[in-house]
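Enquirer: Need a 3D model of the sequence below.
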Amino acid sequence: MSTQFVRVADVMQTSLHTVNGLASVQHALEQMGKESVSSLVVDRRDDDDEYGVITVQDIAADVVSSDLSADRVSIYQIMTKPALTLPADMNIKYAIRLLSKFGLTRALVTRGRKLEGLVTLRDLVLSGADYRENGELS
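Expert: Modelled structure (predicted):
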């Protein structure tokens, strides 16, 4: 008997907002405000590189609280790299466990080496609760 479960791909956000790691934190802040997001994916420099992520929390902890100029700090200096990646076909209960174990709130979603989307702990937990209420999550 096959058990139905929710995959990370079912709840991920596919609209990604990317930024170059050499850009300033000020640029990232402006882009976050314009796009109404709290994180940006930092592009890989080449096919052998890994993706990074910069979040509002990174900026608050590493720039604002240290009283540094957002114009003078580059994204690469404070980003998280490599970013945690989850396979698109992973069961969301394992994704929730993994993010919780590392104290993270988001992860990139990949299929092989191809970036597919981004998923947040909030999206995973709320989706899991929704599926449980409807009797579809095991």
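Enquirer: Please, which helix or strand holds the closest residue to residue 11 other than its chain neighbours?
Expert: Closest residue to residue 11 apart from its sequence neighbours, by C-beta to C-beta, 6 or more residues apart in numbering: residue 127 at 4.2 Å. All C-beta spots, glycine's among them, are computed from the backbone N, C-alpha and C. Element membership for residue 127, per DSSP states H and E: helix 121-133.
Enquirer: Which pLDDT value goes with the residue nearest to residue 11?
Expert: pLDDT recorded at residue 127 is 86.
Enquirer: Look up how far residue 25 lies from it.
Expert: From residue 127 over to residue 25 the distance is 31 Å, taken as C-beta to C-beta, to the nearest Å.
Enquirer: do residue 89 as well
Expert: Using C-beta to C-beta, residue 89 is found at 35 Å from residue 25.
Enquirer: So the two - more neighbours on which side?
Expert: Shown here are residue 89 and residue 25; by other C-beta atoms under 10 Å, residue 25 has more neighbours (24 against 11).
Enquirer: That one contacts residue 66, correct?
Expert: No: counting by C-beta atoms under 8 Å, residue 25 sits too far from residue 66 to count as a contact (11.3 Å).
Enquirer: Strands along this protein, start to end?
Expert: Assigned by DSSP state E, the chain shows strands spanning 18-19, 39-42, 52-55, 85-87, 106-111, 114-120.
Enquirer: what ranges of this protein fall below the confidence cut-off?
Expert: Within the chain, the segments meeting pLDDT under 70 span 1-3, 129-138.
Enquirer: Tell me where it has helices.
Expert: 8-11, 25-35, 56-59, 75-78, 92-102, 121-133 (DSSP state H).
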